[in-house]
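Chemist: got a predicted structure plus its sequence, pasted below:
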Amino acid sequence: MMSEIAGAAWVLPLTFALQGIGAVLVLVRLLRGPHATDRVVAIDALTLLGIGVIALLALSTGEVMLLDAAVVLALVSFLGTTAFILMFRRRGRGADESVTWIDRPPADEPAALNPKPLEDKA
Amino acid sequence: MTEGFLAWLASALLLLGSLIGLVGAIGVLRLPDSYTRMHAASKAGALGAALILGGVAAASSGAFALAAMFALVIVLATAPLAAHAMGRAAHRSGLTPRTGALGDEMARDRDEELAKRQRPATPGAASTEADRS
């Protein structure tokens, strides 16, 4: 094996165990989470722990390919989080304010840039 | 000599990364608010994963270093972006943070901005027209 670690007999099992304990704790938050954002944050933390576990697996088995799997998991977790964000867009506001204050163009914008006129202008 | 140093560095990085990941997981479980849990998940979790990837790069004595550094850069680039977008979306969806003495500054900025845009007399519009032309 090409891996050279000081104290390899106990470092790798200990790191696997710590990541596993962390995953169990995050899973408790994922199942319990009172708001949906808590569950999304828990999924994010769980994939970060999974990236660590995949890196440790790549070290213990000697497969370089598993690090590419870690890269893909990081990218997919980013896409997944941004997809979950679309779920929170229109909650707690009326239909008129579904476009919130950052997305809304100023009221004095020309009509070509502002195709949907605001009601409060009139 | 250098191989012994790399071996010690690798095991130290692996242990430190998994410990920080565990601390982040405890923070996700125990912190009182969705925003503070976001802090624990994004900062401690990303630092733990990055330290483990650095430990893998050091342990394989350069064989895994390129792939591990690439994964590290990807993790450090995407995790703060995801957490920032998540916090902003949570604040927009009406989830009020548990604030301290300074209050909810983002809600105050939003209210000031909405009041400024809904004001009927438009000195701001005249100035922006002058700026645009």
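Modeler: Ah, there it is. Just so it is clear, the structure is predicted and the values come from calculations on it, not from any experiment.

Chemist: which secondary structure element is home to the residue nearest to the spatial centre of chain B?
Modeler: When Cα atoms, centre = their mean is applied to chain B, the residue found nearest the centroid is residue B:80 (3.1 Å). Following DSSP states H and E, one finds residue B:80 within helix B:65-92.

Chemist: for that helix, packing partners?
Modeler: helix A:36-61, helix A:65-85, helix B:34-39, helix B:45-59 (3 or more Cβ pairs under 8 Å, 6 or more residues apart in numbering or on different chains; DSSP states H and E). Backbone N, C-alpha and C define where each C-beta goes, glycine included.

Chemist: right, so of those, which gets closest to residue B:106?
Modeler: For the helices and strands packed on helix B:65-92, proximity to residue B:106 was assessed by Cβ to Cβ; helix B:34-39 is nearest, at 10.5 Å.

Chemist: hmm, that closest one in reach of chain A?
Modeler: Yes - counting by Cβ under 8 Å from any Cβ of the partner chain, chain A has neighbours in helix B:34-39: B:34, B:37, B:38.

Chemist: for residue B:95, helix, strand, or coil?
Modeler: Under the three-state scheme (DSSP: H, G, I helix; E, B strand; the rest coil), residue B:95 adopts coil.

Chemist: can you pull the pLDDT of residue 100?
Modeler: Defaulting to chain A. pLDDT, residue A:100: 45.

Chemist: not quite, I wanted chain B
Modeler: pLDDT, read off for residue B:100, is 72.

Chemist: where does chain A dip in pLDDT?
Modeler: A:1-3, A:89-122 (pLDDT under 70).

Chemist: now swap in chain B and tell me
Modeler: B:1-3, B:120-133.

Chemist: and of the helices and strands packed on helix B:65-92, who's closest to residue B:91?
Modeler: With Cβ to Cβ as the yardstick, what comes closest out of the helices and strands packed on helix B:65-92 is helix B:34-39 (8.1 Å).

Chemist: next one: the closest one to chain centre, how far?
Modeler: Here helix B:34-39 is found 10 Å from its chain centre; the criterion is Cα atoms, centre = their mean, to the nearest Å.

Chemist: that helix packs against which elements?
Modeler: Against helix B:34-39 (3+ Cβ pairs under 8 Å, 6+ apart) you get helix A:36-61, helix B:2-30, helix B:65-92.

Chemist: who are the packing partners of the second one?
Modeler: Using 3+ Cβ pairs under 8 Å, 6+ apart, the elements in contact with helix B:2-30 are helix A:8-32, helix A:36-61, helix B:34-39, helix B:45-59.

Chemist: tell me the angle the last one makes with helix A:65-85.
Modeler: On the basis of axes from the mean of the first three to the mean of the last three Cα atoms, to 10 degrees, helix B:45-59 is oriented at 170 degrees to helix A:65-85.

Chemist: rewinding a little: need the helices and strands packed on helix B:2-30 in TSV with mean neighbour count and distance to residue B:19, can you?
Modeler: Shown next, in TSV, are the helices and strands packed on helix B:2-30 (neighbours: other Cβ atoms under 10 Å in any protein chain shown; distance: least, Cβ to Cβ, whole Å):
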stretch	mean neighbour count	distance to residue B:19
helix A:8-32	18	6
helix A:36-61	24	11
helix B:34-39	22	18
helix B:45-59	28	8
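
Chemist: how close does residue B:54 get to chain A?
Modeler: Distance from residue B:54 to chain A, counting by Cβ to the nearest Cβ, to the nearest Å: 9 Å.

Chemist: relative to residue B:96, how far out is that residue?
Modeler: 38 Å (Cβ to Cβ, to the nearest Å).

Chemist: next: residue B:38.
Modeler: 14 Å.

Chemist: circling back to that earlier point, export the helices and strands packed on helix B:65-92 to JSON lines and tack on distance to residue B:22?
Modeler: Output for the helices and strands packed on helix B:65-92, formatted as JSON lines (distance: least, Cβ to Cβ, whole Å):
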{"stretch": "helix A:36-61", "distance to residue B:22": "9"}
{"stretch": "helix A:65-85", "distance to residue B:22": "19"}
{"stretch": "helix B:34-39", "distance to residue B:22": "15"}
{"stretch": "helix B:45-59", "distance to residue B:22": "8"}
